[in-house]
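*Asks:* Any chance you can model this:
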Amino acid sequence: MTDENARHRPEEDASRLGLVVVGEAAALQSGDEAALDASMENIRETIEDMIDEPLTERQEEVVERLASAGGTLTAGLSGALAAQTGRPVDDVLEGAARSIIWQERLSADRDRAAAAEQADGVEQHDAEPEQRRISDDQRQRSGEDTRRDAQDGNDGRVGADEPDDRRRRRDER
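*Replies:* Predicted structure coming up:
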């Protein structure tokens, strides 16, 4: 259980839970019984670390089933996306995990910036309209870069620029 003094940010908890679900999906996709057992243990440990009070046996079952159902849904959607794009399922799941981690980092950066501004006596809602416009422009450019990379085949995956024959040999291992 969580130490009463060690509180996690909600975004950090969401990120941890998201990674647990992706781990469950990867275990389901692998079909490996040991991976499934390890994933279930990871679900239990993560929940145990996040709660303040012990759960009843029924509550624990419900939470584990929710995480498992999330993993099942993620595995199915990842498999469908992999089939649609011609990419390996592992690449899709890796992309999902990277996205979760990236979102948590962005959230942590925003929280640190807000705390620094508050410490300086400047409130977040006093940001100049020009600063907000620049931030919006950066988000739009980021989305455009992502779409362009997807069209160009450069999706940011490790080894994305590998020759096809080398990638196939690596994937077969």
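*Asks:* so what's the closest residue to Val63 other than its chain neighbours up against?
*Replies:* Using CB to CB, 6 or more residues apart in numbering and skipping residues adjacent in sequence, the residue nearest Val63 is Ile47, 5.4 Å away. From N, CA and C alone the C-beta is placed, and that goes for glycine too. Counting by CB atoms under 8 Å, 6 or more residues apart in numbering, Ile47 touches 55, 60, 63-64, 67.
*Asks:* Strands along the protein, start to end?
*Replies:* For the chain, no strands turn up when DSSP state E is the criterion.
*Asks:* domains of it?
*Replies:* The chain breaks down by automatic domain parsing into domains covering 1-106, 125-173.
*Asks:* could you give me the average pLDDT of the shortest one?
*Replies:* By that I understand domain 125-173. Averaging pLDDT along domain 125-173 gives 56.
*Asks:* tell me what the longest helix anywhere in the chain is packed against?
*Replies:* Ranked by residue count, the top helix of the chain under DSSP state H comes out as helix 89-119. When contacts are defined as 3 or more CB pairs under 8 Å, 6 or more residues apart in numbering; DSSP states H and E, helix 89-119 packs onto helix 10-30, helix 57-85.
*Asks:* Just say which of the ones you listed is most tucked in.
*Replies:* Stretch with highest mean neighbour count among the helices and strands packed on helix 89-119: helix 10-30 (a mean of 19; mean count of other CB atoms under 10 Å).
*Asks:* contacts for that helix?
*Replies:* 8, 35-36, 38-40, 42-43, 46, 50, 67-68, 70-72, 74-75, 78-79, 89-90, 93, 96-97, 100-101, 103-104, 107-108, 111.
*Asks:* Just the buried ones from those residues?
*Replies:* The neighbour count (16 or more other CB atoms under 10 Å) marks 35-36, 39-40, 42-43, 46, 67-68, 70-71, 74-75, 78-79, 89, 93, 96-97, 100, 104, 107 as buried among the contacts of helix 10-30.
*Asks:* any idea how far the residue nearest to Gly70 when sequence neighbours are not counted lies from Pro54?
*Replies:* Once flanking residues are discounted, Gly70 sits nearest to Val21: 4.1 Å by CB to CB, 6+ apart. Applying CB to CB, to the nearest Å, the value for Val21 to Pro54 is 23 Å.
*Asks:* Before I go, just wanted to say thanks for your time.
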